[in-house]
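Q: model this:
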Amino acid sequence: MKKTAKHPEDMSAAELAEATRKFNEPFMYERARPMTAAERAEEKTLRRGRPKIGKGARKISISLEWDLLKKADAFAKKRGVNRSQLITRFVVDGLQRRAS
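A: Numbering: from 1, shown residues only. Next up is the predicted model:
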């Protein structure tokens, strides 16, 4: 099968059939090789999911005024962080100031 940059939705029925022909063969998995130790270790790491930082994270639901949320998202984008990171930094800063 020759490599193509064409998206499957843009292929004709014949092109799509040719591109996916190898998946119609029975027991294709039997030709696979066993994973190496490095590949098994990488898979184990990937299956764990997101790395735990500290005691781990918990999703919460908060309410913000629409305009405030837009401003926060714009500020986060300018700083190169996501919304969760921005809110976390503000909470940590606020708690540190409160403790001082």
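
Q: what does the domain assignment say about this structure?
A: The chain breaks down into these domains under automatic domain parsing: 8-47, 66-99.

Q: those into a markdown table, with extra columns for mean neighbour count?
A: For the C-beta atoms, the positions are set from N, CA and C on the backbone; glycine is no exception. As requested, the domains of the chain are exported to a markdown table (neighbours: other C-beta atoms under 10 Å):
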| stretch | mean neighbour count |
| --- | --- |
| domain 8-47 | 9 |
| domain 66-99 | 11 |
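
Q: out of those, which gets the lowest mean score?
A: The minimum mean pLDDT among these belongs to domain 8-47 (a mean of 86).

Q: wait, which of the domains of the chain is closest to residue 60?
A: Of all the domains of the chain, the one in closest proximity to residue 60, counting by C-beta to C-beta, is domain 66-99 (9.7 Å).

Q: ranges for the strands of this protein?
A: In the chain, no strands are found when defined by DSSP state E.

Q: for this structure, longest helix please?
A: Criterion DSSP state H: the longest helix present in the chain is helix 83-99.

Q: now the domains of the chain in a markdown table, with distance to residue 54?
A: Listed next are those as a markdown table, based on distance: least, C-beta to C-beta, whole Å:
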| stretch | distance to residue 54 |
| --- | --- |
| domain 8-47 | 19 |
| domain 66-99 | 11 |
